[in-house]
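Q: sequence below, structure please.
(2 chains)
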Amino acid sequence: MRYLYYPGCSAEATGKAYDISTRALMEKLGVELVELDDWNCCGATSYFSVRELDSFAIAARNLAIAQQMGDDELLVICNACYTTLAKANRYMAEDPKVFAAVQGALGAVGRTYDGKVKVRHIMDILINDIGLEEIGRHVTRRLTGLRVAPYYGCQFSRPMGAFDDVQMPTTMDRLFETTGADVITDFDAKTDCCGGMMMLTREDAALRLCHELLVAARQGGADVIVAACPLCEINLEAYQPRVNKAYGTDFNIPVMYFTQLAGLAMGVDPKQLGIDKQVVSCDPVLAAIPA
Amino acid sequence: MTELATTAQARELHRKFCEDVLGMPGGEKIKICQQCGTCTGSCPTSHLMDWGPREIIAAFRAGMIDRVVKSNTIWLCTSCYYCTVRCPAGIKITDLMYELKRMAIKYDLVPKESKNPAMTKYFVESVHKHGRNHEVELMTKYMLAKDWAMPLRYWQVGLKLFTTGRLPLSAKNTRGRDELDKISAYLEAQEAKTQ
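A: Modelled structure (predicted):
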């Protein structure tokens, strides 16, 4: 199996561990990842505030390159990149005006895109292409007794809903049940917002949202929270001291990328998964996993 | 932030807003909003808003454009898309918020206390310069312009991220980053042609 891979900007900085652990996990599963050549920022939510067509066109530049490389699918790890790229496809398909404008803009830089490269979240590929049975075969260190809070975040399945439910997704639950973990299946904050970029522009608003999420995780008895988005991960993890200061709490809950914890269950070395990059120590998690 | 001096100006702005909103993919659905409030009830930040999304739609349709653009509402939208997936009328409310943000920036109607437009501006600048978002550069620019006290609040977080290699000072550039300027220039020219 081989996939064209779009890491996204955060994967080169604050979300480096997501990229590292994705590559290690896929190698373990025998899946080859080929990085999309000369990719650019998807545009994220910021571009939508500038000009809608710009956001679709600069997202589509990546899809044009994928098409040029002869691929009809693109694997994406970040929720926001996934939604932005997939949204460009959807709006191009729904609105001939958008399609024509994007075509024109890409034509201005000598590129062409027919709207047919399928944008796929890594979770979609793990569950629907590789499959839980195959994943289960690779699990060598079962996460027995580890209480896992699956945190999907907003843009995992909203608004696309292409491979999981828009309000109550379950793919991550099923993935970790396969690893033998004690998944908090009724973690109803699983798709609540972490505040996103608002952590920098309206800290009070974002801290409140993170506080609610951490409270829900603690109520569920979480040993670890797993995330599927670099922004969710950093907000929930790195800002725990800020939440504690604002709300008089004492949160120190390990937060990991789901690819890191899945990798651990498959016996990948913690260093190869970038576990040392986590701000809240993951030692209690490592200690809890039977050898 | 510009004051809307006359009713005529407000009316003209409303006409422009309607044209843009109704021109968005699915934008005409705003006409069938039945004011059920599912959007406001689903919104994670509506408790901080001057008006919730439901009221924004009502005010917009009533032509109270100054209320819409001067409210803090559009700047508190986190793009979580809860309202969009739950709206029984299928109104893409998140997209509507984006459209209103664009309009407010374009017509210089952003409330002074809102820091989001600065963040957006530096983000876009970074992407056009590098082809990618250089997080450290973005945060530095933003901090210098809008939030001097940020290092006082965040130095511990920053230090931790830096020592774990999560804040690289240099960015990898996209080779074809000049294409992004050309794409924007093309679309801007097209937009100018249609107006």
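
Q: how near is B:H134 to B:M49?
A: When Cβ to Cβ, to the nearest Å is applied, the distance between B:H134 and B:M49 equals 32 Å. All C-beta spots, glycine's among them, are computed from the backbone N, C-alpha and C.

Q: these two - which one has more neighbours?
A: For B:H134 and B:M49, the more surrounded residue by other Cβ atoms under 10 Å in any protein chain shown is B:H134, and the numbers stand at 27 against 19.

Q: show the model's pLDDT score for that one.
A: pLDDT, B:H134: 90.

Q: the chain: helices as residue ranges?
A: Chain wasn't specified; assuming chain A. Per DSSP state H, chain A has helices spanning A:16-28, A:44-48, A:52-68, A:79-94, A:96-107, A:122-124, A:132-138, A:171-178, A:198-201, A:203-219, A:230-238, A:240-247, A:258-265, A:283-288. These are given in chain order.

Q: actually it's chain B I care about, not the one you picked
A: In chain B, the helices defined using DSSP H lie at B:7-23, B:38-42, B:53-61, B:65-70, B:82-86, B:93-106, B:116-130, B:135-146, B:150-163, B:178-194.

Q: if I look at the residue of chain B positioned farthest from its centre, how far off is chain A?
A: Farthest-out residue of chain B from its mean C-alpha position, per Cα atoms, centre = their mean: B:T163, at 32.6 Å. Taken as Cβ to the nearest Cβ, to the nearest Å, the spacing of B:T163 relative to chain A amounts to 10 Å.

Q: correct me, but B:R61 touches B:Q35?
A: No. When contacts are counted by Cβ atoms under 8 Å, B:R61 is not listed as touching B:Q35 (9.6 Å).

Q: what's the nearest residue to B:S71 if we skip its chain neighbours?
A: Counting by Cβ to Cβ, 6 or more residues apart in numbering or on different chains, B:D50 is the residue found nearest to B:S71 once chain neighbours are left out, at 4.2 Å.

Q: doesn't B:N72 make contact with that neighbour?
A: Yes. B:D50 is within contact range of B:N72, at 5.3 Å (criterion: Cβ under 8 Å).

Q: of those two, who's got more company?
A: In terms of neighbours (other Cβ under 10 Å), B:N72 is the more surrounded of B:D50 and B:N72; the figures are 16 against 13.

Q: is chain B within reach of the helix or strand bottoming out on mean pLDDT in chain A?
A: Taking all helices and strands of chain A together, the one with the lowest average confidence (mean pLDDT, DSSP states H and E) is helix A:44-48, at a mean of 75. Yes. Judged by Cβ under 8 Å from any Cβ of the partner chain, helix A:44-48 and chain B are in contact via A:44-48.

Q: give me the neighbour count for A:R147.
A: Residues within reach of A:R147, counting by other Cβ under 10 Å, total 16.

Q: tally of neighbours for the closest residue to it other than its chain neighbours?
A: Setting aside the residues directly before and after it, A:R147 is nearest to A:D223 in space (Cβ to Cβ, 6+ apart), at 4.5 Å. Close neighbours of A:D223, defined as other Cβ under 10 Å, add up to 19.

Q: contacting residues around A:D223?
A: Residues in contact with A:D223 (Cβ atoms under 8 Å, 6 or more residues apart in numbering or on different chains) are A:146-148, A:254, A:284-285, A:288.

Q: give the buried subset of the residues you listed as a ChimeraX selection command.
A: Provided next is the ChimeraX selection string for whichever of these are buried by 16 or more other Cβ atoms under 10 Å in any protein chain shown:
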select /A:146,147,148,254,285
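
Q: and which of the contacts of A:D223 is nearest to chain B?
A: A:P254 (14.0 Å; Cβ to the nearest Cβ).

Q: list the contacts of that closest one.
A: When the contact criterion is Cβ under 8 Å, 6+ apart, the partners of A:P254 are A:223-225, A:278, A:280-282, A:284-285.

Q: filter those residues down to the ones in strands?
A: Secondary structure defined by DSSP state E assigns A:224-225 of the contacts of A:P254 to strands.

Q: how far away is A:I65 from A:R242?
A: Distance, A:I65 to A:R242, using Cβ to Cβ: 39 Å.

Q: whether stretch A:105-119 contacts chain B - can you check?
A: Yes. Using Cβ under 8 Å from any Cβ, stretch A:105-119 reaches chain B at A:105-106, A:108-109, A:111.

Q: now tell me what touches that stretch from outside.
A: Contacts to stretch A:105-119, defined as Cβ under 8 Å, 6+ apart, come from residues A:53, A:57, A:60-61, A:63-68, A:71-74, A:76, A:82, A:85-86, A:89, A:92-93, A:99, A:102-103, B:176, B:179, B:182-183, B:185-187.
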